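Asks: I need the structure of the sequence given here:
(3 chains)
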Amino acid sequence: MLKKFSRLTTLSLITLLTLLLTLSACSGSNSNTGKNGSEGKETAGQKENEKVTLRFSWWGGESRHKATLAAIDLYMKQNPNVTIEAEYGTFDGYYQKLQTQLSGGTAPDLIQLDYLWINDLVRQADLFVDMYTLKDTIDLTEFDEQFLRDWAIINDQLQGVPTGMNALTTIVNKSFMEREGIPMHDNWTWEQMIAEGQKLHQKNPKMFLINADLPTLSEKIVPSYHSQLTGKYLVNADNTLGFDQQSMTETFTFLKSLFDTGVLQPLGESALFNSKTEQNPKWINGETAMTIANVADIPKLRGTAAGFDITTTRFPVKENAKSSGINTRPSQLIGINKNSKHIDEASKFLNWLFADKDAILTLGVERSIPVKPSSQKLLLENDKLDQVVATSLETALANQAAAPSFINNNLELMKISNEVIERVAFGKLTPEAAAAEMIERYEAKLKEINASTK
Amino acid sequence: MNKLGIVFRNSDNRQWIGLLYVSPFIIGLLIFKMYPFLASFYYSFTDFSLLRAEKFIGLSNYVYMFTQDPLFFPALKATFLYVLLAVPGKLAFALLIAVILNVKMKFISVFRTLYYLPSILGGSVAIAILWRSMFTKDGVVNHFITGLGLPAIDWFGIPSLALMSISLLAIWQFGSSMVLFLAGLKQIPKDLYEAGTIDGASKLRMFFSITFPMLTPIIFFNLIMQTVNAFQEFTAAFLITNGGPLNSTYLFGLKLYQDAFQFSKMGYASALSWILFLSIMLFTIIAFKSQKYWTHYEDGGKF
Amino acid sequence: MTSLIRMGRFSFLTIFGIILIYPIIWLISASFKPLPEIFSSVNLIPSRFVITSYINGWKGTGQFGFSTFFTNSFLLVVPTVIATVLSSVIVAYGFARFRFPTKNLFFSLMIATLMLPNAVIIIPSYLLFRNLGWLDTYWTFIIPSVFATYPFFIFMMIQFFRGLPRDLDESAVVDGCNSFKILTHILLPLSKPALVSAAVFQFIWTWNDFFNSLIYINSVKKYPISLGLRMSLDTSSISNWDQVMAMSVLSIVPCLIIFFLAQRYFVEGIATTGIKG
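Replies: As a prediction, the model looks like this:
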């Protein structure tokens, strides 16, 4: 009995001790207050050689990591009082983590952002420093005002600096075209695409003219086709619908014809390679002639091309188009966290990344072709500019039209597009019914969005 | 006799010790689980969006879910189907292979490891790629099928089949259930089988009279755990199909994730998760109540 | 007759086994293929046997290679596993062998915590860990394990304990054992397969955990393998899939070894003689 109770006391003492330890850990650590707690900017009065640590987050592949780390090393050597902690990884989960960090007030000082996210994030809260307030530190002179206005300025604030340029293009398997005797136009129209595609597929049912998966259809082809048809994107700048029953029906009819004529691989087959066209055996083994993609995708599509040459041509525009539907967009943006404790140092570093010769050369085209013409020239002079990529971008720039308004990139709206387009492609929805559904759901969603915007 | 008497007189004291043993869990519950649970319950009645302060909106999220969200019922349906496909398949294979492997034979360790290997891979990115390429029109699975003389199946062209392919992934990873069955089989006293053989019972008879009843606690456990996990499955849908085609694999776990982190609607996602919680809870209560009809506990069934 | 059964069993297990692990064989062979070949051919045998993917993959990207990631994974996983098994056993014993007031309440709560998906729990948990100062450390994994926050293992041990007759306990009481001695001297030795299963499972699941690690760990130098494997995958640049394959294969190896070593606890059965009757 006595032994039992001494065991008992021992156990309860251990438990109590653990409890006390945990509680002391709770109270002893700092507690950040809420998400919108401003952490006091340190502007003037910061000593020159005060040690500063900046956190910089980005996503990317191996080469981008290497290049960015090299650039960071260079900066740290030149600025010994600054330590930059790199937080890098994959794209999967980046957005989730970023939102978690923003919510918990633990986001890094410099953040790489997808241009698709900016509007969704910023319409809920002021999260990033307005770069215009940092004009003294960050040299924005060579950044095209319109480009910034289209992609980075929301609520009259410049939310981030674009790291590079991206645009719609068509990547062509040169060997395929020669082998199958398909004429290489400089400026393809959709009508030509459909005609050639139909011929090709009839000749050999295993072959398709174009590789385009569902994301390509809903993010690239459908919006730009509609713009080519009517001059308007799906949502106008004032958040009203840019399409109506007729224009959308025509667009969906066009879409359906791409599948009916055998220009595109059926979605059921390409679905496995959504956003991973470079893994689609049809491309790898040279059974498709072209891929509709972004300029920035050229390296990876070229990388898996099994022994054939690629070239690029302009993104297809329909005959008698009201607008080309092609626009350049930023590859990413880098923004500065509004709650950063070191906005000055962060902006200095950011400026250096885009202004310093060595930085530009080190970063190269890891984030696509730089925006500033002088940077492009620098890369060209040092043979760091991929000729194919450069030409492709030039073509797009020469043909570009007005950019869509920010709301077009809203992820929920895009999901609606995705679903409707998918059902049309699978033949589950007629173009007319699809257009009607599109109108209904877009309108409902836009109402919600308007209501939840601050 | 005297000592036993003491035990039973002090049985009340003795039972309280149980609380002491359970106390680490209680502390962990209070510190690490209660706050997140209650917070998410609270969020479900707000329009919380991670980036700004939330506003209380009462039952709006729940109303929206049932009346306006076009993806709510499809996601539920896809998830229920997934559970119905994945869980029985997993358990059946696990039990079958465990019984077969519960013998002394050469290379038994190799075989056990082999059959457990798929489960070690978890949510591997490499396996996601592999699974995709296996189920293409001219992928390995179709090679196998056409080899048997059947027509090739368009796994991702027909929506209901896409769900089957990710259910197959779950079934393929039956290893952990199998291991638990093996552990359960090892716990069955050998003398029961000896007694059975003496009484002249056949192997099959012994399976149904000895093995199966003794295994029911583990069967019950596997059933509950696999079902609860299957309802919340997210990784497979996220990595392999991203919900497509035509939302046939748009599992509830994926819908939650997208609503929470891609559309910034954490309040709504919390409401969704509590509906999922209630569904799973319903199933679990029914299962627990059903225990008295078919599970056998050596401790006399008193809990 | 029995040798026929034995041969039949052996061949069935072998054939079915090979079919079952075909994807893994493919994975291993892909890790030895040059990059362009991985997606273009379905052959199991590489046309050219290369080990560059292993060499380059090990070096990793940027500042840290897989030696760091492997070490980190061990630092994260091993304490978690030990803590989980110990605490789960103790708690399960309390549930399985005692009847105290509030028991059903806590048991139900325990099961209930399994049913809310991680995606909505993670934000409040994140805030909690932030306040505790545990972000970017492994404490977010280890400390909760100390407090038995993994109902899977508690429930599992409960089921196994309940499969052991109470007579064992009671005869031990007669012999003068207190409750703790009953646990350590009677129940645990009979539950070795279950304990080992719990340890193996927790090892593998924590080893493979991606989303929790992603959210709670910031510094690249603290990345475990699960994050390291996906680090260099990008949607708009060439991904070194060969390296990812190679490192995926390597990351399976510790789990395999652990499982293989755990095998001997499944070999011996239990013979509890003389208790009944």
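Asks: once you drop chain neighbours, what's closest to residue C:27?
Replies: residue B:126 (5.6 Å; Cβ to Cβ, 6 or more residues apart in numbering or on different chains). (Glycine included, C-beta is placed from N, CA and C.)
Asks: ah, wrong one, I meant residue A:270
Replies: residue A:213 (4.6 Å).
Asks: same question, residue C:177
Replies: The shortest distance from residue C:177 to any non-neighbouring residue, by Cβ to Cβ, 6+ apart, is to residue C:185 (6.7 Å).
Asks: repeat for residue C:155
Replies: residue B:221 (6.4 Å).
Asks: element containing that neighbour?
Replies: Using DSSP states H and E, the element containing residue B:221 is helix B:212-231.
Asks: tell me how far that helix lies from the chain's centre.
Replies: Computed by Cα atoms, centre = their mean, to the nearest Å, the chain-centroid distance of helix B:212-231 equals 8 Å.
Asks: same question for stretch A:245-252.
Replies: 27 Å.
Asks: so residue B:81 makes contact with residue B:161?
Replies: No: using Cβ atoms under 8 Å, residue B:81 is not in contact with residue B:161, being 11.7 Å away.
Asks: state the pLDDT value of residue A:23.
Replies: Residue A:23 is assigned a pLDDT of 45 by the prediction.
Asks: near chain C, which residues of the stretch 201-303 of chain B show up?
Replies: B:214, B:217-218, B:220-221, B:224-225, B:228, B:231-232, B:234-235, B:253, B:256-257, B:260-261, B:266, B:269-270, B:273-274, B:276-277, B:280-281, B:284, B:297-300, B:302-303 (Cβ under 8 Å from any Cβ of the partner chain).
Asks: and the residues you listed, which are buried?
Replies: B:214, B:217-218, B:220-221, B:224-225, B:228, B:231-232, B:234-235, B:253, B:256-257, B:260-261, B:266, B:269-270, B:273-274, B:276-277, B:280-281, B:284, B:297-299 (16 or more other Cβ atoms under 10 Å in any protein chain shown).
Asks: burial count for residue A:266?
Replies: Residues contacting residue A:266 under the criterion other Cβ atoms under 10 Å in any protein chain shown number 17.
Asks: who touches it in this structure?
Replies: Neighbour list for residue A:266: A:259, A:425, B:157 [criterion: Cβ atoms under 8 Å, 6 or more residues apart in numbering or on different chains].
Asks: can you flag which of these belong to helices?
Replies: The members of the contacts of residue A:266 that map onto helices under DSSP state H are A:259, A:425.
Asks: TSV for the contacts of residue A:266, including neighbour count and pLDDT?
Replies: Formatted as TSV, the contacts of residue A:266 follow (neighbours: other Cβ atoms under 10 Å in any protein chain shown; pLDDT from 0 to 100):
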residue	neighbour count	pLDDT
A:259	17	93
A:425	26	92
B:157	17	76
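Asks: any idea how many residues pack against residue B:149?
Replies: The tally of other residues near residue B:149 (other Cβ under 10 Å) stands at 6.
Asks: that one and chain C: what is the separation?
Replies: 18 Å (Cβ to the nearest Cβ, to the nearest Å).
Asks: near chain C, which residues of the stretch 351-454 of chain A?
Replies: By Cβ under 8 Å from any Cβ, the residues of the stretch 351-454 of chain A that approach chain C are A:366, A:368.
Asks: now the stretch 351-454 of chain A, which segments are flagged as low pLDDT?
Replies: A:454 (pLDDT under 70).
Asks: got any ranges where chain B has weak pLDDT?
Replies: B:1-13, B:302.
Asks: could you look up the SS state of residue A:237?
Replies: coil (DSSP: H, G, I helix; E, B strand; the rest coil).
Asks: please name the residues that touch it.
Replies: Applying Cβ under 8 Å, 6+ apart, one finds that residue A:237 lies in contact with A:405, A:407.
Asks: got phi/psi on it?
Replies: The phi/psi pair for residue A:237 (degrees, to the nearest 10) reads phi -60, psi -20.
Asks: next one: residue A:158
Replies: Note on residue A:158: backbone dihedrals following degrees, to the nearest 10 are phi -80, psi 110.
Asks: residue A:410 versus that one, what's the distance?
Replies: 20 Å (Cβ to Cβ, to the nearest Å).
Asks: who's more crowded, these two?
Replies: residue A:158 (23 against 20).
Asks: ok, now which ones touch the more buried one?
Replies: Counting by Cβ under 8 Å, 6+ apart, residue A:158 touches A:130-132, A:140, A:148, A:152.
Asks: now do residue C:58
Replies: Residues counted as contacts of residue C:58 (Cβ under 8 Å, 6+ apart) are C:65-67, C:247, C:250.
Asks: hang on, it is in a helix, isn't it?
Replies: Yes: counting by three-state DSSP, residue C:58 is part of a helix.
Asks: and the gap between it and residue C:246?
Replies: Per Cβ to Cβ, residue C:58 is found 8 Å from residue C:246.
Asks: cool, and residue C:124?
Replies: Taking Cβ to Cβ, one finds residue C:124 at 38 Å from residue C:246.
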